[in-house]
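Chemist: What follows is a predicted structure for the sequence shown.
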Amino acid sequence: METVIDVRSSGRPEIFDRANADGLFGRTRRLERPLGQYLRAAETPRYLAHNDRSGVVAARGDNESLTPAGDYRAFLLATTVRVLFVVGDDDGDRTISLPYEDIVAVHCTSGFRTSTLEIVTVDEDRWAFECKGDLTPVRAFVDEATQIWTRTLTELDRAESQVEAAAEALEATDLDTAATHITAAQEALDSGRDSVKALGEGATAAIDDRLQSAQTRIDTAQRRRHVKAAEKHRDAARYAWESRAYERAADAYGRANVEYERALAVTAPEPSTEAITDARNAVEAEYTELLSAPVDAAQVAASAARATADPAERARHWEDALDRYRTAYELDWGRDRRFDGDRASLRQALADIAVELVDAHREAGRERREASDESERGAPATACEDAETHFERAREVATELVPDRRDPSAGELAAASEQGASIEPAPNGR
């Protein structure tokens with residue numbers, strides 16, 4: 001068995017599967033257990049070296065040096081995740097495990113027939129392994145693996161820090177900041193994942209739990225961000241609806257629906273798919289109701305006007321109905337005809353309501369003018385002013401909207417004005 005073996009190119013030595021070796025003079029004990037039993041499931045060996053006497057020397061630190069007993073050997077195994085020393089002994093093999101994230105430096109010195117690999121850890125321990133062979137390739141691999149693991153874990157730390165910052169931003173409903181942190185977290189995680197791939201599938205598998213945990217946290221933050229964005233758009237839609245800004249409300253509902261769909265496209269444990277689906281369905285239901293809201297609201301106002309006996313109050317309801325029908329009529333019907341209704345029908349309804357409004361104001365004006373005739377001195381000025389207001393509004397609506405159906409003349413307004421002037425009280429009340 002060679003003292004330094006490149007496992008990837010030379011194949012798997014029998015020491016991984018058999019602890020003893022058959023020789024000319026019987027079986028030689030090298031380890032108590034096969035070396036393969038010390039490997040983890042996600043660990044791939046790259047280099048193997050051994051010595052017969054010197055073992056592993058604790059060159060610095062409080063650790064004790066380990067030397068093989070009898071015919072046993074000491075092995076150095078450089079894998080994709082660590083450097084492992086296994087020293088044979090009758091009382092059981094002794095091991096030293098140095099994960100790459102704990103290694104800060106690795107050196108190799110060569111003598112006449114031997115070379116020594118020295119490893120320094122973050123705890124300032126220094127381990128030396130000597131063998132009859134060239135350990136330079138082992139040093140190069142350990143140094144590269146250490147750098148890769150350091151870079152990988154640094155990126156993972158950054159990803160976890162960024163996703164934590166994203167969670168805090170989401171709690172504060174700062175969605176833009178959350179999005180920035182989520183993007184940074186995903187970039188860091190992808191960088192770390194790509195880095196460790198250089199060591200092969202075994203290295204990636206060794207850290208897969210942490211990679212998956214970070215990805216789940218990122219996906220959860222992303223899903224929450226989409227849901228919160230959807231809720232924000234939904235609130236904006238409701239506010240716009242209350243303000244009768246129907247087009248703005250429809251646009252906001254559309255954006256809310258998009259955000260809910262984006263949330264559902266992200267695989268994450270929370271918010272739950274059921275909760276998101278229910279919220280999205282509720283938005284779609286509200287959006288459907290919104291499409292008929294402009295005409296419905298106008299019809300409700302018109303019904304209220306028809307049910308009112310008092311002409312002044314009826315005129316107020318017709319004003320509201322006119323305003324609501326005008327809002328419905330002025331919607332942007334060209335964009336996929338989102339809203340219910342028909343422009344021709346709405347135009348006709350506007351004209352009919354304008355007629356009703358003119359008639360209601362004129363009736364209210366005449367009623368107030370008659371009231372001024374019957375009032376005691378000192379009160380009629382107010383009644384006349386009310387009459388003038390009704391007649392003026394009737395003239396405006398008739399002139400603007402239905403001059404062909406109602407006479408927009410100012411005769412009644414002039415009469416009310418003259419009547420008001422004739423009953424002005426004398427100076428000092430005389």
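Modeler: Nice, thanks for sending it over.
Chemist: name the element the residue nearest to Ala315 when sequence neighbours are not counted belongs to?
Modeler: Excluding the flanking residues, the one nearest Ala315 by Cβ to Cβ, 6 or more residues apart in numbering is Ala360, at 3.8 Å. In short, each C-beta sits where N, CA and C put it, glycine included. Element membership for Ala360, per DSSP states H and E: helix 343-374.
Chemist: How many residues are close by Gln212?
Modeler: Residues within reach of Gln212, counting by other Cβ atoms under 10 Å, total 10.
Chemist: Where does it sit: helix, strand or coil?
Modeler: Look at Gln212: counting by DSSP: H, G, I helix; E, B strand; the rest coil, its state is helix.
Chemist: ok, the residue nearest to Ala315 - contacts?
Modeler: Applying Cβ atoms under 8 Å, 6 or more residues apart in numbering, one finds that Ala360 lies in contact with Ala305, Pro311, Ala312, Arg314, Ala315, Trp318.
Chemist: now, the most widely separated pair of the residues you listed?
Modeler: Using Cβ to Cβ, those reach their maximum pairwise distance at Ala305 and Ala312, which is 11.7 Å.
Chemist: Those two: which has the busier surroundings?
Modeler: Ala305 (22 against 17).
Chemist: what about the residue lying closest to the more buried one once chain neighbours are set aside, how many neighbours?
Modeler: With Cβ to Cβ, 6+ apart as the criterion, Ala305 has its nearest non-adjacent residue at 3.5 Å, and that residue is His317. By the criterion of other Cβ under 10 Å, His317 has 22 neighbours.
Chemist: Assess the claim that His317 and Ala309 are in contact.
Modeler: No - checked against Cβ atoms under 8 Å, the pair His317 and Ala309 is beyond contact range at 11.3 Å.
Chemist: where exactly do the helices run in the stretch 51-200 of the chain?
Modeler: According to DSSP state H, counting those that start in this stretch, the stretch 51-200 of the chain carries its helices in the segments 136-171, 175-196.
Chemist: Indicate which one of these is closest to Ala398.
Modeler: So among these, helix 175-196 is nearest, using Cβ to Cβ, at 51.6 Å.
Chemist: mind listing what's buried in that closest one?
Modeler: For helix 175-196, the buried set under the neighbour-count rule, 16 or more other Cβ atoms under 10 Å, comprises 175, 178-179, 181-182, 184-186, 188-189, 191-193, 195-196.
Chemist: Name the nearest of the residues you listed relative to Ser345.
Modeler: Leu175 (41.7 Å).
Chemist: Model confidence for the closest one, exactly?
Modeler: The model reports Leu175 with a pLDDT of 97.
Chemist: Equivalent analysis for Asn51, please.
Modeler: 91.
Chemist: got the contact list for it?
Modeler: Going by Cβ under 8 Å, 6+ apart, Asn51 touches Thr3, Pro68, Arg73, Ala74, Phe129, Glu130, Cys131, Lys132.
Chemist: Tell me the buried residues in the helix holding Ala360?
Modeler: For helix 343-374, by 16+ other Cβ under 10 Å, it's 346, 349-350, 353-369, 371-372.
Chemist: Who wins on neighbours among the contacts of Asn51?
Modeler: The most crowded member of the contacts of Asn51, judged by other Cβ under 10 Å, is Ala74 (28 neighbours).
Chemist: and the gap between it and Trp127?
Modeler: Distance, Ala74 to Trp127, using Cβ to Cβ, to the nearest Å: 11 Å.
Chemist: Identify the contacts common to these two.
Modeler: Counting by Cβ under 8 Å, 6+ apart, the contacts common to Ala74 and Trp127 are Val56, Phe85.
Chemist: low-confidence ranges in the protein?
Modeler: For the chain, the stretches flagged by pLDDT under 70 are 1, 21-29, 61, 332-337, 372-384, 409-430.
Chemist: Please, where are all the strands along it?
Modeler: For the chain, the strands defined by DSSP state E occupy 4-6, 20-23, 26-29, 45-51, 56-60, 74-79, 82-87, 94-99, 103-110, 115-121, 126-131.
Chemist: May I see these arranged in CSV, with distance to Tyr329 as well?
Modeler: Compiled in CSV, those are given as follows (distance: least, Cβ to Cβ, whole Å):
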stretch, distance to Tyr329
strand 4-6, 83
strand 20-23, 96
strand 26-29, 98
strand 45-51, 78
strand 56-60, 88
strand 74-79, 77
strand 82-87, 76
strand 94-99, 74
strand 103-110, 77
strand 115-121, 79
strand 126-131, 86
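Chemist: now, of those strands, which is deepest in the fold?
Modeler: Among those, strand 74-79 has the highest mean neighbour count (mean count of other Cβ atoms under 10 Å), at a mean of 26.
Chemist: List the neighbouring strands of that strand plus their orientation.
Modeler: Sheet neighbours of strand 74-79, with direction, are listed as strand 45-51 (antiparallel), strand 82-87 (antiparallel) (DSSP bridges).
Chemist: so how far is it off the chain centroid?
Modeler: Relative to the chain's own centre, strand 74-79 is displaced by 46 Å; criterion: Cα atoms, centre = their mean, to the nearest Å.
Chemist: Give me the residues contacting that strand.
Modeler: Strand 74-79 is contacted from outside by 15, 31, 35, 38-39, 43-52, 54-56, 66-68, 83-88, 117, 129, 131, 138, 141-142, 145, 202, using Cβ under 8 Å, 6+ apart.
Chemist: about what we covered before: distance-wise, check the residue nearest to Ala315 relative to Ala321.
Modeler: With Cβ to Cβ as the criterion, Ala360 and Ala321 are 11 Å apart.
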